[in-house]
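A.B. asks: Structure for this input, please:
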Amino acid sequence: MPQLEVDGATLTYDDEGPRDGEGVPLVFVHGWTANRHRWDHQVAHFAEARRVVRLDLRGHGESSGAGVRRIDDLAQDVLALLDHLEIERFVIIGHSMGGMIAQTIALTHPERVERMVLVNSIGRMAYSRGRALLMAASTLAPFKLFVAANIQRAFAPGYPREEIREYVRASADTPREVVMTLYGAMRAFDVLDRVGDIHAPTLMVHGYHDIQLPLAQMLRMAKAYPDAVIRVLDAGHELPVEKPAELTAALDRFLTDSGQAGGGGQP
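C.D. replies: Down below sits the predicted model:
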């Protein structure tokens, strides 16, 4: 289990697959309160033929470290790991908050991002006044209740309850300070007016039933991307585990079919 010390945090990561495999390395970045194992299905598939890197973000999973107030700081952690591994150019794949990190890297280091995949992610969290007040009020609830409410509603109706309870327990193990600080960082994240500057071919995969980061918000962002493919799957916010095979297939098509790298896709 390799680890890297970065700015007061110990990052745990996996570096799998052949170093001389197909294409540039794939870099998987998980979301808020999750860990690198959200990508188990995708990593098992792609590591057979190409180099694959994934990490537990600071304070998550098996990584230590305090929360940070800016998504940019998490992006710097990811870049520090890639520099350590001597990976200059890569495909970055981010889920939810991980997609915010991916967009940040694509904007600040465009020369390093060959392609980008955003899974259930957006460029700005925008809600009605009533919804925003409800979300703000939820932060006043007891911590475990706050986590449970957010994780339970992340899954589409019909997802097995016993599996949801396991994800709730795992998320609640994330330190409260990390969870709440990064919740604020996501609320403050806003690159919506800048995403038109991202020219890396981009795939956006979203769950139709996502109420955490609604599909309409992703589509609003997608209009600004000059080079995007869109896929909408019958799932909620937790696509990597709700529809792992379907997500892996969408990634595979995007990475292997050069024809999908240009032009706006259709839902």
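A.B. asks: helices and strands of the protein: which one bottoms out on pLDDT?
C.D. replies: Every helix and strand of the chain was ranked by mean pLDDT, DSSP states H and E. The lowest is helix 129-138, at a mean of 55.
A.B. asks: C-terminal to it, what's the next element?
C.D. replies: Tracing the chain past helix 129-138, the next element assigned as helix or strand by DSSP states H and E is helix 143-152.
A.B. asks: what's the burial count for residue 66?
C.D. replies: 12 (other C-beta atoms under 10 Å). For the C-beta atoms, the positions are set from N, CA and C on the backbone; glycine is no exception.
A.B. asks: if I look at it, how far off is residue 2?
C.D. replies: The spacing between residue 66 and residue 2, counted by C-beta to C-beta, to the nearest Å, is 22 Å.
A.B. asks: so what pLDDT did residue 183 get?
C.D. replies: The model reports residue 183 with a pLDDT of 89.
A.B. asks: State the distance from it to residue 211.
C.D. replies: Per C-beta to C-beta, residue 183 is found 16 Å from residue 211.
A.B. asks: higher neighbour count, these two?
C.D. replies: residue 183 (19 against 14).
A.B. asks: which SS state does the more buried one fall under?
C.D. replies: Under DSSP: H, G, I helix; E, B strand; the rest coil, the three-state class of residue 183 is helix.
A.B. asks: My guess is it contacts residue 31. True?
C.D. replies: No: Residue 183 is not in contact with residue 31 according to C-beta atoms under 8 Å; the separation is 11.8 Å.
A.B. asks: neighbours of residue 145, just the number please.
C.D. replies: 11.
A.B. asks: before we move on, what about residue 142?
C.D. replies: Counted with other C-beta under 10 Å, residues neighbouring residue 142 total 8.
A.B. asks: again with residue 2
C.D. replies: Residue 2: 12 neighbours (other C-beta under 10 Å).
A.B. asks: give me the element the nearest residue to it once chain neighbours are set aside is part of.
C.D. replies: Distances taken as C-beta to C-beta, 6 or more residues apart in numbering place residue 13 nearest to residue 2, at 5.9 Å, with adjacent residues excluded. Counting by DSSP H and E, the element that carries residue 13 is strand 9-16.
A.B. asks: Strand partners (parallel or antiparallel) of that strand?
C.D. replies: Paired strands of strand 9-16, with direction, are strand 3-6 (antiparallel), strand 52-55 (antiparallel) (DSSP bridges).
A.B. asks: Could you check how many residues crowd around residue 245?
C.D. replies: Counted with other C-beta under 10 Å, residues neighbouring residue 245 total 10.
A.B. asks: returning to that earlier point: what's the most buried one of the strands paired with strand 9-16?
C.D. replies: strand 52-55 (a mean of 26; mean count of other C-beta atoms under 10 Å).
A.B. asks: next SSE after it?
C.D. replies: Strand 52-55 is succeeded, C-terminally, by helix 71-84 (DSSP H and E).
A.B. asks: Show me which positions of that following helix end up buried.
C.D. replies: For helix 71-84, a neighbour-count test (16 or more other C-beta atoms under 10 Å) marks 71, 72, 73, 74, 75, 76, 77, 78, 79, 80, 81, 82 as buried.
A.B. asks: Can you give me every residue that contacts the last one?
C.D. replies: Going by C-beta atoms under 8 Å, 6 or more residues apart in numbering, residue 82 touches 27, 53, 88, 90, 112.
A.B. asks: Just confirm the last one contacts residue 83, I think it does.
C.D. replies: No: Residue 112 sits out of contact with residue 83 when judged by C-beta under 8 Å, with a separation of 10.0 Å.
A.B. asks: rewinding a little: for the residue nearest to residue 2, give its distance to residue 144.
C.D. replies: From residue 13 across to residue 144, the span is 28 Å (C-beta to C-beta).
A.B. asks: Looking at the two, which one has more neighbours?
C.D. replies: Counting neighbours by other C-beta under 10 Å for residue 13 and for residue 144 shows that residue 13 has the greater number, 21 against 13.
A.B. asks: how near is residue 153 to residue 164?
C.D. replies: The gap separating residue 153 from residue 164 is 10 Å, by C-beta to C-beta.
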